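S.K.: Give me coordinates for this.
(chains A, B, C and D)
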Number of protein chains: 2
Amino acid sequence: MPSDDGASLAASFSYWQTVRLNPATCPVRDVLDRLGDKWSTLILIALANGPLRFSMIRRNIPDISKRMLTQTLRDLERDGLITRHVFPTKPPSVEYRLSPLGRSLQGPLVALIGWAEAVHGDINDARARFDTEAEAVRTAG
Amino acid sequence: MPSDDGASLAASFSYWQTVRLNPATCPVRDVLDRLGDKWSTLILIALANGPLRFSMIRRNIPDISKRMLTQTLRDLERDGLITRHVFPTKPPSVEYRLSPLGRSLQGPLVALIGWAEAVHGDINDARARFDTEAEAVRTAG
DNA sequence: CCGCATCCTATTAGATACTG
DNA sequence: CAGTATCTAATAGGATGCGG
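M.R.: Numbers count the residues shown, from 1 in each chain, chains lettered A, B, ... in the order given. This is a model prediction of the structure:
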């Protein structure tokens, strides 16, 4: 799976490098820092098939705390990736759904997750190899 | 830019949801947690056009510390995404380059970064709107 | 049911000084 | 040049209890 077609990729990366990977110029950090937190991506995946209520998201992601779910949902809402709908029932129910902007992320996200899944085994192998080699060196030294 | 073609995306996400977004079953966390750290992605971008020496990477990413660069490079090497080549010159020079596995990430990464760049303005707008609304509510209350 | 506030801990990362 | 070691500050995240 060499998704490496040389020239065009190099050109893309070149461009980002010329903006110097610099905090100020560069949207990459700004956006990826949010997706890089522990829960954002997982929540976006959970919402991929349609709206979910707070408690349903929790059921999809068993080990997220109420606190972090609330907070991450706020952050995603603030960034315009999801929208929040309160139904004034009693007790209240609140529904979250992907915004158009959020849905536009699905394509890239599928690609990335697909990659992660495809190479998961390779990465585990690499880790194991690295660790045993490091251990061998440590023992020898 | 609706990169949303419904059925196939939904199917993909469904699958990942059925593995329950669970720590144990799910490669997503494992892999994305590493890419999600502060520097990994930036380093991979820096190496996209070819091998670079330690100090050159630092020049590409002005605000990374030696400590974090060393550590992140080790982690990427451990995962098999980059390789390390020591030239026993004096003073020593060490070169880092993308492995085939690392190059296989370039496609997905370009897609994600392209998205980030495309929507950067929208996200900033959404943030500004959210913040002024929140402020309005705070003042009214 | 949803979510905020508080408290506390663990992890991450920056600064600095030192080594082959 | 390419690291390592140590210390410290900042941040992320978990537990819990209260309130609409």
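S.K.: pLDDT below threshold where in chain A?
M.R.: A:1-25, A:141 (pLDDT under 70).
S.K.: now with 80?
M.R.: A:1-27, A:137-141 (pLDDT under 80).
S.K.: for DNA strand C, what are the nearby residues on it?
M.R.: A:53-55, A:66-67, A:70-71, A:73-74, A:84, A:86, A:91-94 (C-beta under 7 Å from any atom of the strand). The way it works is simple: take the backbone N, C-alpha and C, and place the C-beta from them, glycine included.
S.K.: Show me which of the residues you listed is closest to A:L44.
M.R.: A:L73 (10.7 Å; C-beta to C-beta).
S.K.: tell me, how many neighbours does that closest one end up with?
M.R.: Neighbours of A:L73 under the rule other C-beta atoms under 10 Å in any protein chain shown: 20.
S.K.: How many residues are close by A:T72?
M.R.: Neighbours of A:T72 (other C-beta under 10 Å): 23.
S.K.: How about exporting the strand or helix carrying it as CSV, limited to the C-alpha atoms?
M.R.: Assessed by DSSP states H and E, A:T72 sits inside helix A:66-78. Provided in CSV are the C-alpha atoms of helix A:66-78 (Å, rounded to 0.1, in the frame of the first residue of the first chain):
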residue,chain,number,x,y,z
LYS,A,66,-18.9,12.8,32.4
ARG,A,67,-16.5,15.6,33.0
MET,A,68,-14.4,15.0,29.9
LEU,A,69,-17.4,14.2,27.7
THR,A,70,-19.0,17.5,28.6
GLN,A,71,-15.9,19.4,28.1
THR,A,72,-14.9,17.8,24.8
LEU,A,73,-18.5,18.3,23.5
ARG,A,74,-18.2,22.0,24.4
ASP,A,75,-14.9,22.3,22.6
LEU,A,76,-16.2,20.5,19.5
GLU,A,77,-19.3,22.7,19.5
ARG,A,78,-17.2,25.8,19.9
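S.K.: So which residues make contact with it?
M.R.: Identification of contacts with helix A:66-78 by C-beta atoms under 8 Å, 6 or more residues apart in numbering or on different chains yields A:34, A:37-40, A:43-44, A:54, A:57-58, A:61, A:64, A:82-84, A:96, A:102, B:126-127, B:130-131.
S.K.: Equivalent analysis for stretch A:118-131, please.
M.R.: Here stretch A:118-131 makes contact (C-beta under 8 Å, 6+ apart) with A:M1, B:P27, B:D30, B:V31, B:E77, B:R78, B:D79, B:G80, B:L81, B:L101, B:S104, B:L105.
S.K.: Convert that stretch to PDB, retaining C-alpha atoms only.
M.R.: Extracted C-alpha coordinates of stretch A:118-131, given in PDB (Å, rounded to 0.1, in the frame of the first residue of the first chain):
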ATOM      1  CA  ALA A 118      -4.300  -1.500   8.400                       C
ATOM      2  CA  VAL A 119      -0.900  -0.900  10.000                       C
ATOM      3  CA  HIS A 120      -1.800  -1.700  13.600                       C
ATOM      4  CA  GLY A 121      -0.200  -5.000  13.400                       C
ATOM      5  CA  ASP A 122       3.000  -3.600  11.800                       C
ATOM      6  CA  ILE A 123       3.200  -1.000  14.500                       C
ATOM      7  CA  ASN A 124       2.900  -3.500  17.300                       C
ATOM      8  CA  ASP A 125       5.600  -5.700  15.600                       C
ATOM      9  CA  ALA A 126       7.900  -2.700  15.300                       C
ATOM     10  CA  ARG A 127       7.300  -1.800  19.000                       C
ATOM     11  CA  ALA A 128       8.100  -5.300  20.100                       C
ATOM     12  CA  ARG A 129      11.200  -5.500  18.000                       C
ATOM     13  CA  PHE A 130      12.400  -2.100  19.300                       C
ATOM     14  CA  ASP A 131      11.800  -3.100  22.900                       C
END
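S.K.: residue contacts, the most centrally placed residue in chain A?
M.R.: Centre of chain A computed as the mean C-alpha position; nearest residue by C-alpha atoms, centre = their mean is A:T41, 3.3 Å away. By C-beta under 8 Å, 6+ apart, the contact set of A:T41 is A:L35, A:L109, B:V28, B:L32, B:G36.
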